[in-house]
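A.B. asks: Got a sequence here, can you model it:
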Amino acid sequence: MTRLVQIKLLHTAIWFFFASCIVAIPVSGALHHYVWAAVLIGLALIEWRTPSSRASMGGCAMNA
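C.D. replies: Next up is the predicted model:
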């Protein structure tokens, strides 16, 4: 397995994890598990902030 394939698999796994967190937020709220919903929102905010912080440092991870 090449290094590029490994990176793509890792990226896909991370993307799936965060997409699952975002989908689970309204489900947690509907089931009245508000602490879990807050944790999932926090994880989603971390995921959102990571590329934003990279852009604020003058570079984009996709162009590096």
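
A.B. asks: which regions of this protein sit below the pLDDT cut-off?
C.D. replies: 51-64 (pLDDT under 70).

A.B. asks: Which stretches in it count as helices?
C.D. replies: 3-30, 34-56 (DSSP state H).

A.B. asks: Could you dump these into JSON lines and include mean neighbour count?
C.D. replies: For glycine as for every other residue, the C-beta is placed from the backbone atoms N, C-alpha and C. Converted to JSON lines, the helices of the chain look like this (neighbours: other CB atoms under 10 Å):
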{"stretch": "helix 3-30", "mean neighbour count": "12"}
{"stretch": "helix 34-56", "mean neighbour count": "13"}
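
A.B. asks: do you know how far the residue nearest to residue 29 when sequence neighbours are not counted is from residue 25?
C.D. replies: Closest residue to residue 29 apart from its sequence neighbours, by CB to CB, 6 or more residues apart in numbering: residue 37 at 4.8 Å. Using CB to CB, to the nearest Å, residue 37 is found at 5 Å from residue 25.

A.B. asks: One more: residue 7?
C.D. replies: Counting by CB to CB - residue 7 and residue 25 are separated by 28 Å.

A.B. asks: again with residue 13
C.D. replies: 20 Å.

A.B. asks: give the contact list for the closest residue to residue 24 other than its chain neighbours.
C.D. replies: Among residues not flanking residue 24 along the chain, residue 40 sits closest, at 5.5 Å (CB to CB, 6+ apart). Neighbouring residues of residue 40 by CB atoms under 8 Å, 6 or more residues apart in numbering: 21, 22, 24, 25, 28.
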